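Asker: for reference, the sequence and a predicted model appear below.
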Amino acid sequence: MGALAHDSRLAIFRLLVQAGPEGLPAGSIGEKLGLPPATLSFHLAHLARSGLASSRQDGRFVIYSVDFQNMNGLVEFLTENCCGGKSCTPARRLRRSA
């Protein structure tokens, strides 16, 4: 959970989830989120160490993607252990009028 506790890492993770299993090149992630290379590298390494993201080399590019198996495991753990172990249903969000 600590890996997702930072705004930049959460934004990176969201972007990678949306990209799906194909992932995104590091440069594209940095461009889309406006993160400098050193900052991006730091946050991507943190996500990789936590097991939520992985990388692979594709020619000159490093492609990052979400480790969906680990992500699903985290979601499953949180779902099973929310509400003190009691069955619960997440509350639906009410949409605000513009």
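Answerer: Thanks, I have the structure now.

Asker: quick one: L35 is in a helix?
Answerer: No - judged by DSSP: H, G, I helix; E, B strand; the rest coil, L35 forms no part of a helix; its state is coil.

Asker: so what's it up against?
Answerer: Each residue near L35 by CB atoms under 8 Å, 6 or more residues apart in numbering is listed here: 8, 12, 29, 43. Every C-beta, even on glycine, is put in place using the N, C-alpha and C of the backbone.

Asker: was I right to think the second one contacts G30?
Answerer: No - I12 lies out of contact with G30 (CB atoms under 8 Å); the separation is 9.3 Å.

Asker: between these two, point out the one with more neighbours.
Answerer: Between I12 and G30, I12 has the larger neighbour count (other CB atoms under 10 Å), namely 29 against 20.

Asker: against T79, how distant is that one?
Answerer: From I12 across to T79, the span is 23 Å (CB to CB, to the nearest Å).

Asker: just give me the neighbour total for Y64.
Answerer: 23.
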